[in-house]
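Trainee: sharing a model that was predicted from the sequence below.
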Amino acid sequence: MVVGQFSQDVDILVIGGGPAGYTAAFRAAELGKTVAIVDPNTTLGGECLHHACIPSKSALLAVNTVTAVATLTKGLEQRCKALGVERLHGLAHFENKKTAQITGEVVSVVKFRKAIIASGTQTRSSDAFPNAIQVEDAYCANFKNNNILIVGNTPSAIESATYLATINTVSIWADGDILPTFDKQLVKIIKRGLTICKDAPSPENYDIVVLAGHRLPQTNSLQLENANVDCKDGFITINKSCITSNPKIYAVGECVGCEYSAAFAIAQGRVAGESACGLDSQLDVSFVPKIAWTNPEIAQVGNFDDETISVRWGNSGLAVALGQQNGITLLGYEKESQAITGVGIVGTGATEMISEGVLALEMGATLYDLATTIRPHPTRSEMLSEAARSAL
């Protein structure tokens with residue numbers, strides 16, 4: 001051991017302090033394990049809290065980002081302390097299957113019985129746009145009257161276009177379809193308000209270029225080969241219990257390919273925390289909601305491979321009163337069983353209303369169930385009942 005280095009033992013070492021990481025750490029601590037969580041930042045929350053999800057939504061909704069982040073950060077630190085989770089500041093890499101070295105203000109070696117990797121992703125880069133900024137930085141910059149190009153087809157790309165287009169001229173270019181994981185019927189409405197470049201643009205024609213594509217996993221520095229943890233294209237491979245090729249090591253969040261879904265990452269963190277404590281915990285990924293805070297919002301869950309029915313919000317008294325009648329509610333269902341297979345919503349509040357769709361799919365709801373559910377009036381959620389009645 002070198003001078004200034006010390007060693008410690010924990011039941012579970014969590015690498016990464018974002019939503020997936022702190023959820024795993026908190027759950028394991030709740031189940032009675034000694035837990036340490038290592039992250040290079042002085043506060044928990046990761047990209048989601050400090051640069052992505054919370055700052056971007058705060059900006060889109062015109063609320064105080066600094067206050068929101070500070071309040072949530074304080075809450076995480078208090079919970080960490082209350083559960084007895086040890087905070088380690090620095091970068092981690094595996095020395096072998098049982099120990100990891102933490103390099104920060106001091107150098108330490110942590111011996112663990114189980115480890116959970118939640119290392120997230122790298123910063124984007126592009127040879128074609130060398131002077132571009134990250135999409136997360138677009139929300140803290142004061143851009144005004146600029147000609148801006150956004151590169152990417154992800155929810156982050158379209159959300160940033162929504163935000164920046166209010167006082168700038170914004171174009172989008174992507175190598176592929178816009179929002180490719182969403183149903184085309186829904187995306188068609190979103191695209192009406194976007195300026196999309198058909199050909200690869202020249203960066204010199206724009207004041208600012210924003211990179212908003214998918215990010216690569218942050219796994220290279222972990223020295224995973226020392227711990228016998230396998231990857232594919234840089235992403236760590238896991239099973240339904242978030243276990244890697246090493247049965248003592250788990251992985252969650254964006255480093256396993258959980259792109260643009262903090263909800264999915266949090267669910268993985270909970271499963272990994274329980275599984276690492278010996279519980280038979282598995283993740284069902286059948287009905288993971290997809291959302292984007294575009295203008296209007298878009299959200300969907302499930303699939304639309306069989307029959308579909310859609311209703312426009314012109315039938316909603318509240319939507320008409322608020323000038324939101326261009327929204328749409330889409331249902332997918334099986335013709336014979338009338339089982340709901342998918343729910344899609346475009347319009348204000350879609351990111352909240354999709355939760356009812358998730359629950360409907362999880363509970364095996366039918367068209368009849370949605371059609372006969374009494375919802376408050378006047379609300380946009382009534383369109384779920386109307387769509388089901390139209391299908392029947």
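Mentor: Perfect, I can see it now.
Trainee: where is the longest helix in the protein?
Mentor: Taking DSSP state H as the criterion, the chain has its longest helix at helix 65-82.
Trainee: what does it rub up against?
Mentor: With C-beta atoms under 8 Å, 6 or more residues apart in numbering as the test, helix 65-82 has contacts from 22, 25-26, 37, 43-45, 49-50, 54-55, 58-59, 87, 139-140. Where C-beta positions appear, they are placed from N, C-alpha and C, glycine not excepted.
Trainee: residue 365: what's it in contact with?
Mentor: 339-340, 359.
Trainee: would you list the phi and psi of it?
Mentor: phi -70, psi 150 (degrees, to the nearest 10).
Trainee: list the contacts for the nearest residue to residue 59 once chain neighbours are set aside?
Mentor: Spatially, and ignoring its direct neighbours in sequence, residue 59 is nearest to residue 139 (4.3 Å; C-beta to C-beta, 6 or more residues apart in numbering). Neighbour list for residue 139: 55-56, 58-59, 65, 160, 163 [criterion: C-beta under 8 Å, 6+ apart].
Trainee: residue 147 and residue 206 touch, don't they?
Mentor: Yes - in terms of C-beta atoms under 8 Å, residue 147 counts as a neighbour of residue 206; the distance is 5.2 Å.
Trainee: I figured residue 270 hits residue 21, correct?
Mentor: No - checked against C-beta under 8 Å, the pair residue 270 and residue 21 is beyond contact range at 11.6 Å.
Trainee: out of these two, which sits in the more crowded spot?
Mentor: Set residue 270 next to residue 21 and count neighbours by other C-beta atoms under 10 Å: residue 21 wins out with 30 against 20.
Trainee: how far away is the more buried one from residue 50?
Mentor: 13 Å (C-beta to C-beta, to the nearest Å).
Trainee: neighbour-wise, which of the contacts of helix 65-82 leads?
Mentor: For these, the largest neighbour count, defined by other C-beta under 10 Å, is 32 neighbours, found at residue 25.
Trainee: which SSE is that one in?
Mentor: helix 19-30 (DSSP states H and E).
Trainee: shaky segments in the stretch 1-150 of the chain?
Mentor: The model of the stretch 1-150 of the chain has pLDDT under 70 over residues 1-5, 105.
Trainee: ranges for the helices of it?
Mentor: Counting by DSSP state H, counting those that start in this stretch, one finds helices in the stretch 1-150 of the chain at the ranges 19-30, 46-50, 53-60, 65-82.
Trainee: and what of the stretch 251-392 of the chain?
Mentor: Going by DSSP H, counting those that start in this stretch, the stretch 251-392 of the chain shows helices at 262-276, 317-321, 350-362, 367-372, 382-391.
Trainee: most tightly packed of the ones you listed?
Mentor: helix 262-276 (a mean of 25; mean count of other C-beta atoms under 10 Å).
Trainee: circling back: just flag the most distant two among the contacts of residue 139.
Mentor: Farthest pair in the contacts of residue 139 (C-beta to C-beta) is 65 and 160. Separation: 14.5 Å.
Trainee: okay, those two: which has more neighbours?
Mentor: The residue with more neighbours, out of residue 65 and residue 160, is residue 160; 27 against 17, by other C-beta under 10 Å.
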